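Undergrad: Predicted coordinates and the sequence they were generated for:
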Amino acid sequence: MNVSAPSFPSATLSASTRTRSAGEFSPEEAEQLRALQARDREVRQHEQAHQAAAGGLATSGARYSFQRGPDGVNYAVGGEVSLDVSPGRTPEETLRRAQQISAAALAPAEPSGQDLAVAARAAQMARQAEAELAAATGDADTGGDARSRALLRIYGESPPAAPLTDEYA
């Protein structure tokens, strides 16, 4: 899973704007600076939530894309965390991994559309693992399967065809 934020509208900055102090910005620049600072906090919190919930499935730390503000400072406007989304060696392990992928995707306070799509794909992965378990035991339905169906109802009946990539929006 990769978590990415969309780019923040950029502004052309002259060299002189990069050396000014906070009190020397135009109202438009001051507003842009406030927006960039807020976006930076939001993006970093979002990525931290994914990373904390991902545990051992995280294959990298958070990576950010930046935009230079009117004060010359780079602010995070997008980010991503990569996860290992491969199935486990057994259906039980695959089920646990799918649950952790879903938890990581839904960890931020405000999951993006792509976060929801990743959770739906994880629910599909869990459903497949549960079907394998049911076939092996001859059991027609398990409690986890009902949970997977509920997740799919929440996030859409058909999981997206795209790879498990979460672009933070």
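TA: Looks like it came in fine. Because the structure is a prediction, the values reported are computed rather than measured.
Undergrad: residues contacting residue 63?
TA: With contacts defined as CB atoms under 8 Å, 6 or more residues apart in numbering, residue 63 is in contact with 79, 80, 81. Yep, even glycine has a C-beta here, placed from its N, CA and C like the rest.
Undergrad: give me phi/psi at the last one?
TA: Put plainly, it is residue 81. phi -130, psi 130 (degrees, to the nearest 10).
Undergrad: Looking at stretch 68-79 now, give me its mean pLDDT.
TA: On average, the pLDDT along stretch 68-79 is 96.
Undergrad: still on that earlier bit, who wins for neighbours among the contacts of residue 63?
TA: Counting neighbours by other CB atoms under 10 Å, residue 81 comes out on top of the contacts of residue 63 with 28 neighbours.
Undergrad: and the contacts of residue 63 as CSV, adding distance to residue 66?
TA: Below are the contacts of residue 63 laid out as CSV (distance: CB to CB, whole Å):
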residue, distance to residue 66
79, 10
80, 13
81, 16
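Undergrad: Which single one of the residues you listed is nearest to residue 64?
TA: Proximity of the contacts of residue 63 to residue 64 (CB to CB) peaks at residue 79, which lies at 4.4 Å.
Undergrad: Let me know the closest of the contacts of residue 63 to residue 55.
TA: Among the contacts of residue 63, and counting by CB to CB, the member closest to residue 55 is residue 81, at 11.5 Å.
Undergrad: And that closest one, how far from residue 104?
TA: 8 Å (CB to CB, to the nearest Å).
Undergrad: same question, residue 55
TA: 8 Å.
Undergrad: Neighbour count: these two, which is higher?
TA: Ranked by neighbour count (other CB under 10 Å), residue 55 and residue 104 place residue 104 first, with 28 against 11.
Undergrad: Now that one: which helix or strand?
TA: Assigned by DSSP states H and E, residue 104 falls within helix 91-105.
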